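Engineer: just need the structure, nothing else, for what follows:
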Amino acid sequence: MHRILTPSLVQKIEKMEVAVLDSRLKAIQGIQGNPMRVEMELFGKAVAFTAKQIPGPAFNTVRGLHGKDIDKIDEIISFFQERKIPAQFELTPASVSEELLNLLTERGYSQIRFHTTLYGACEESFPVYHPEVAIHKLAKNDFHTFADIYTKAFQMPVFLKDAVAQNNAVLYGKTGWSFYLATIGQEPAGIGVLFIQDGIAEMAAAATLPEFRNKGVHQALLQERIKHALEANCHLLVGEAAYLSTSQRNMERAGMRLAYTKAIWRKS
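Structural biologist: Here you go, the predicted structure:
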């Protein structure tokens, strides 16, 4: 049964989005010497995340920003400027205000895209009719395969493969984290990641090799993670996806529905 979206439910979903990134980056920060130069700082309800040695906005971003935190904007911008990292703001419709948006505009920021967040009750989902796709728990020594799939799926430079492997392997065995490998005919085809905290299951990441797309790999990985969440007595599913992407459609097929579209703001 669908859960009706309420302000308190939205707050839970937003909190989970912060928690999954916080857990991941704290683990990466814990690598000896903090080679990725991870830092996190709280500004009101917002958390600024930075990973100087990980290029791109995925780990260099602000989550949880609320309209009431308008007096923290200049501090947040300075936090990123001091580290010579472009700031990104992930804004959710339930938490922003007109004043906040106007201030960001005055500071030279503008919206560059949307990103979808979905949610659903943790219950039996659609049956998967892709018997050729096998799902296995990822073994501790398989993160080189994980990184190979991830970098190829997202068209990342090859030189980042070792960092992707290390930054995910550090989560292996950590409370709440599970990793999955999808194979077709014993060939690695895709990966999926699940994070569970406080009875909420986050579909934390998924990727499919280009040559294995449209074969039900993502659906099978999604179904396996929902099954695991059920076994863990979770009551809520959460996931993120590019707007109108295959990932979003598959989550909707699994019974999840739109919670909100985040507005992604960066410097003009």
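Engineer: helix, strand, or coil at Ala134?
Structural biologist: strand (DSSP: H, G, I helix; E, B strand; the rest coil).
Engineer: ok, it - contacts?
Structural biologist: By C-beta atoms under 8 Å, 6 or more residues apart in numbering, Ala134 lies in contact with 182-184. The way it works is simple: take the backbone N, C-alpha and C, and place the C-beta from them, glycine included.
Engineer: quickly list what it is bridged to.
Structural biologist: Per DSSP bridges, residues listed as beta-bridge partners of Ala134: Thr183.
Engineer: quick check: it vs Phe212, distance?
Structural biologist: 12 Å (C-beta to C-beta, to the nearest Å).
Engineer: mutual contacts of those two, please.
Structural biologist: Jointly contacting Ala134 and Phe212 under the rule C-beta under 8 Å, 6+ apart are Ile184.
Engineer: returning to what we had before: if you rank the contacts of Ala134 by neighbours, which is first?
Structural biologist: Ala182 (29 neighbours; other C-beta atoms under 10 Å).
Engineer: possible to save the contacts of Ala134 as CSV with pLDDT and distance to Met16?
Structural biologist: Listed next are the contacts of Ala134 as CSV, based on pLDDT from 0 to 100; distance: C-beta to C-beta, whole Å:
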residue, pLDDT, distance to Met16
Ala182, 97, 24
Thr183, 97, 29
Ile184, 97, 31
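Engineer: among those residues, find me the one that's closest to Gln88.
Structural biologist: Ala182 (30.1 Å; C-beta to C-beta).
Engineer: so in terms of bridging, what pairs with the residue nearest to the closest one when sequence neighbours are not counted?
Structural biologist: Take Ala182 and drop its neighbours on the chain: the residue closest to it by C-beta to C-beta, 6 or more residues apart in numbering is Gly190, 4.0 Å away. Gly190 has these beta-bridge partners by DSSP bridges: Ala182, Thr208.
Engineer: can you count the residues close to Gly190?
Structural biologist: Look at Gly190: counted by other C-beta under 10 Å, it has 26 neighbours.
Engineer: now do the contacts for it.
Structural biologist: Taking C-beta under 8 Å, 6+ apart, we find Gly190 in contact with 149, 153, 181-182, 206-209, 212, 217-218, 221.
Engineer: same deal with Thr50?
Structural biologist: Thr50 sits in contact with 37-40, 59-60, 79-80, 83, 85, where contact means C-beta under 8 Å, 6+ apart.
Engineer: these in helices, which ones?
Structural biologist: If you go by DSSP state H, those have 79-80 in helices.
Engineer: can you tell me which of the contacts of Thr50 are buried?
Structural biologist: For those, a burial check counting by 16 or more other C-beta atoms under 10 Å picks out 38-39, 59-60, 79-80, 85.
Engineer: let me have those residues in a markdown table, extended by pLDDT and distance to Gln32.
Structural biologist: As requested, those are exported to a markdown table (pLDDT from 0 to 100; distance: C-beta to C-beta, whole Å):
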| residue | pLDDT | distance to Gln32 |
| --- | --- | --- |
| Val38 | 97 | 13 |
| Glu39 | 98 | 17 |
| Phe59 | 95 | 19 |
| Asn60 | 97 | 22 |
| Phe79 | 98 | 25 |
| Phe80 | 97 | 26 |
| Ile85 | 96 | 23 |
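Engineer: and of those, the nearest to Ala254?
Structural biologist: Nearest to Ala254 among the buried ones among the contacts of Thr50 is Phe59, at 26.8 Å by C-beta to C-beta.
Engineer: can you list the domains in the chain?
Structural biologist: Using automatic domain parsing, the domain parsing of the chain gives 7-116, 123-234.
Engineer: tell me the spacing between Lys68 and Lys262.
Structural biologist: In this view, Lys68 and Lys262 are 18 Å apart by C-beta to C-beta.
Engineer: the two: who's more crowded?
Structural biologist: When Lys68 and Lys262 are compared for neighbours, Lys262 comes out ahead with 22 against 13, by other C-beta under 10 Å.
Engineer: thanks a lot, catch you later.
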